[in-house]
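Novice: structure of the sequence below:
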Amino acid sequence: MSARRSSRRSLVGSAAALCALTLCGCGGSANAGGRLVTATPGRSTSTAPVVATTTPAPMPSATTPLTVDPEPGLRVLFTGDINPGRCPAQIALEADDFSLPYRAVTEALNAADLAVGSLDGSLSDIDVPAPCTPERVYNLIGPARTAEGLALAGFDVLSLATNHAQDCGRHGFVCDGRALADTLAALNAGGIAPVGAGATLADARRPIVIEQNGVRLAFLAVSAVGEFAWAGAEAPGIAPLSEASLRDVLADIRAARADTDAVIVLAHWGIEYDPTPSSDQRRWAERMIASGATLIVGNHPHVIQPVEPLGDGLVAYALGNFVFDQDPEATRRGLVLEATFSRQGLVAWRTMPIEIVELHRPEWR
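Specialist: Numbers count the residues shown, from 1 in each chain. All right, here's what the predicted structure looks like:
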């Protein structure tokens, strides 16, 4: 395990424990201040096995720095959707090794200052995961031990604002928040900070704030998919994104921006298997950037959508899959977004392609 990961795990874990991120709640209003994690400088290296993409238009592969900034940067990697159930779970269980899906990408994830993913499922032992039958079972519950592999892979922050966050196996969906509570507990135990879900709507809306290398970032996560899984005023769930909730989302962005160098919104949105962003995605992205979001990283379509500058920010509409067991070729390809931040905000970015092999393992392409 890298020194960066070891120090990050202990610091994130301590912050999570102080806030009690299980379904006991954290109290206070949604924008009364985020959960703060202060980290020591990372061990970013240039040896990560990654390459710039050569994907043709309209997907740009990289940019030159947005500004010339001599200050030390904070390099963050963002991945596509991660399915903890079905084939990835069954393969890991058979090998008794939950780091197996991440073997080819662990070095790169750990070399970054921060690694951020989208967990499209629950981590709970209230039921066993579904068999390895892609596209036949849509309940993506995975073993709580999946958090071991995610921690070893190098993840620091995971969005739980996904439509499968309250999957409960044979118990159906939501199940009084039991699977979600187990997920929060498993991630906290692994030193990974969850965002976008909680015991109440206020908890689900509350950002994670991370300060590292002198740079202060806020992470918010919201989902336009899976209304049944949305949190209520006193009910566990995920943070909603809709026309009705948009005003609250924009208020949370403005509040977070007032106290940070950059605000990252992790959005679960769009139409499955459609490589073109929907009108909702584009409209919401414009409003979020105008309200102070620096970077929007989307997921849910399971295919790659464009990465585009928008106003003073950047929008990755969908990065595709990262660890998933869907068979169509487009769903077996994804992007990892590398974004570098300074106290001036986002200063550079590039995308790096992956391909999922054997229904569970991303490899660099």
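
Novice: for this structure, which strand is longest?
Specialist: Ranked by residue count under DSSP state E, the longest strand found in the chain is strand 345-357.

Novice: buried stuff in that one?
Specialist: Using 16 or more other CB atoms under 10 Å as the test for burial, strand 345-357 gives Gly345, Leu346, Val347, Ala348, Trp349, Arg350, Thr351, Met352, Pro353, Ile354, Ile356. Heads up, the C-betas are built off the backbone N, CA and C, glycines and all.

Novice: now do stretch 111-130
Specialist: Buried residues in stretch 111-130 (16+ other CB under 10 Å): 111-124, 126-127, 129-130.

Novice: which ones among these are found in strands?
Specialist: Leu114, Ala115, Val116, Gly117, Ser118, Leu119, Ser122, Leu123.

Novice: what would these look like in JSON lines with distance to Trp364 and pLDDT?
Specialist: Shown next, in JSON lines, are those (distance: CB to CB, whole Å; pLDDT from 0 to 100):
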{"residue": "Leu114", "distance to Trp364": "19", "pLDDT": "98"}
{"residue": "Ala115", "distance to Trp364": "15", "pLDDT": "98"}
{"residue": "Val116", "distance to Trp364": "18", "pLDDT": "98"}
{"residue": "Gly117", "distance to Trp364": "16", "pLDDT": "98"}
{"residue": "Ser118", "distance to Trp364": "19", "pLDDT": "98"}
{"residue": "Leu119", "distance to Trp364": "21", "pLDDT": "98"}
{"residue": "Ser122", "distance to Trp364": "28", "pLDDT": "98"}
{"residue": "Leu123", "distance to Trp364": "26", "pLDDT": "98"}
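
Novice: pull the most distant pair out of these.
Specialist: Leu114 and Ser122 (23.3 Å; CB to CB).

Novice: tell me how many other residues crowd Tyr138.
Specialist: 12 (other CB atoms under 10 Å).

Novice: show me what contacts it?
Specialist: By CB atoms under 8 Å, 6 or more residues apart in numbering, the contact list for Tyr138 is empty.

Novice: now it: how far from Leu180?
Specialist: Noted for Tyr138: a distance of 17 Å to Leu180, by CB to CB, to the nearest Å.

Novice: picking that back up, so which of the ones in strands among the buried residues of stretch 111-130 is the closest to Glu211?
Specialist: Distance to Glu211, by CB to CB, is smallest for Leu114 among those, at 11.2 Å.

Novice: can you tell me which residues contact that closest one?
Specialist: By CB under 8 Å, 6+ apart, Leu114 lies in contact with Arg8, Gly42, Leu74, Arg75, Val76, Leu77, Asp156, Val157, Ile210, Gln212, Leu217.

Novice: go again with 6 Å.
Specialist: Counting by CB atoms under 6 Å, 6 or more residues apart in numbering, Leu114 touches Val76, Asp156.

Novice: likewise Ser223?
Specialist: With CB under 6 Å, 6+ apart, Ser223 has these contacts: Ala161, Thr162, Ile238, Leu241, His268.

Novice: inside helices: which ones of the residues you listed?
Specialist: Among these, no residue falls in helices (DSSP state H).

Novice: let me know the closest of the residues you listed to Val174.
Specialist: Ile238 (10.7 Å).

Novice: in terms of pLDDT, where does that closest one sit?
Specialist: Ile238 is assigned 98 on the pLDDT scale.

Novice: gap between Asn299 and Ala255?
Specialist: 24 Å.

Novice: the two: which is more packed in?
Specialist: Using other CB under 10 Å, the more surrounded residue of Asn299 and Ala255 is Asn299, with 33 against 22.
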